[in-house]
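Enquirer: sequence first, predicted model second:
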Amino acid sequence: MIKPRKRWDAGELVASATMVATVAIAVLLLWEAVVYLFDLPKALLPTPRQCVKAAIAESEALIAGTLSTGLAAIAGLTAAVLLGSLLAVIFSQSRPIRLAFFPYIILLQTVPVVAIAPLLIVWSGYTFRTVVIVTVIVCLFPIVNSVTEGLLATGREASDLFRLYGASRAKRLLHLQVPSAIGRLMLGTKTSSGLAVIGAIVAEFFVGNGTSYDGLGTLMTGWQALTKTDALIAALFASAMLGLALFGFVHLISVTLLRRWMDA
């Protein structure tokens, strides 16, 4: 018997939010105290208040950069989900193909993205397209791995029942394997949502060197060269919030549009 998934009530949500806020406040107070006690220069470690002032002063650039990086991350994540799901379906239907090509998917995960980005710039140029390609490469493995496992994890009894009634391979895929893999797909997508922002920003470190590209990675590179540490930390915070927002959006889809399959 499948147990229903536990739902958080309002009290649990409030308690969780309170604990998160408490930790954040404690970190900010500790940060402020460290800067004050050790009399650290602003170029080395600014105070939280100085970072907030820098964020306000550079708000226009930060908003534009967040939108550019967010668009690249979303485009790359979407492409990775589509491509990764297609590859997972192919791998699940043919063991020889899976054994032959899956190691190359693992290879994409093991090669450092900082080594891939310069080569892609040679091939694709200093363009938004290059940022998206790097993001796809970074996001692809968790999707392929999770969905492949989900497609292959159907119960023996259910598979035998489909075969007993003479269901074709296509029907088994659409009506048995795909529904059972939805949960794994969303798990892989959640993992890749954070990686998408990382991949986009790393690509922007290189792409921004050749154009006026205005992503967060480009801003970070420029502010680091100018020793604007307060603005650099503000951009870092913006990238973290972007990653959380993308993760939250994926989670929202999983608990609303796909709840039927997530609870299965």
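Expert: Sure, I can see it. These figures come from a predicted structure and were not determined experimentally.

Enquirer: which parts of the protein are helices?
Expert: Taking DSSP state H as the test, the helices found in the chain are 10-38, 48-57, 59-93, 95-110, 113-124, 128-152, 156-164, 169-172, 178-207, 216-225, 229-255, 259-262.

Enquirer: weakest of those helices by average pLDDT?
Expert: The weakest mean pLDDT among the helices of the chain belongs to helix 156-164, with a mean of 58.

Enquirer: how far away is the nearest residue to Glu32 once chain neighbours are set aside from Ala240?
Expert: Leaving aside its chain neighbours, Glu32 sits nearest to Thr47 (5.5 Å; criterion: C-beta to C-beta, 6 or more residues apart in numbering). Heads up, the C-betas are built off the backbone N, CA and C, glycines and all. Applying C-beta to C-beta, to the nearest Å, the value for Thr47 to Ala240 is 18 Å.

Enquirer: who has more neighbours, the two?
Expert: Higher neighbour count among Thr47 and Ala240: Thr47, with 18 against 12, using other C-beta atoms under 10 Å.

Enquirer: residue contacts, the residue positioned nearest the centre of the chain?
Expert: By C-alpha atoms, centre = their mean, the chain has its centre lying nearest to Ser193, at 1.9 Å. The neighbours of Ser193, taking C-beta atoms under 8 Å, 6 or more residues apart in numbering as the test, are 77, 243, 246-247, 249-250.

Enquirer: make a PyMOL selection of whichever of those residues turn out to be buried.
Expert: Buried residues among those (16 or more other C-beta atoms under 10 Å), as a PyMOL selection:
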select buried, resi 77+243+246+247+250
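
Enquirer: from the contacts of Ser193, which is closest to Leu62?
Expert: Distance to Leu62 across the contacts of Ser193 (C-beta to C-beta) is lowest for Gly243, with 15.0 Å.

Enquirer: Ala200 is in contact with that closest one, correct?
Expert: No - between Gly243 and Ala200 there is no contact under C-beta atoms under 8 Å: 10.1 Å.

Enquirer: how about Val114: what's its closest non-neighbour residue?
Expert: Val114 sits nearest to Val202 (C-beta to C-beta, 6+ apart), 6.3 Å away.

Enquirer: these two touch, right, that neighbour and Val131?
Expert: No - counting by C-beta under 8 Å, Val202 does not reach Val131; the two are 9.2 Å apart.

Enquirer: the more surrounded of those two?
Expert: A count of neighbours by other C-beta under 10 Å puts Val131 above the other of Val202 and Val131, at 33 against 20.

Enquirer: so who does that one touch?
Expert: Here Val131 is in contact with 72, 76, 200, 203-204, 207, 213, 215 (C-beta under 8 Å, 6+ apart).

Enquirer: pick the one among these closest to Ile105.
Expert: The shortest gap between Ile105 and any of the contacts of Val131 belongs to Gly76, at 16.1 Å (C-beta to C-beta).

Enquirer: how about the contacts made by that closest one?
Expert: Applying C-beta under 8 Å, 6+ apart to Gly76 gives the contacts 131-136, 138-139, 196, 199-200.

Enquirer: format these as TSV; extra columns: distance to Asp230.
Expert: Supplementary listing: the contacts of Gly76 in TSV, determined by distance: C-beta to C-beta, whole Å:
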residue	distance to Asp230
Val131	26
Val132	30
Ile133	32
Val134	28
Thr135	28
Val136	33
Val138	29
Cys139	31
Ala196	27
Gly199	26
Ala200	23
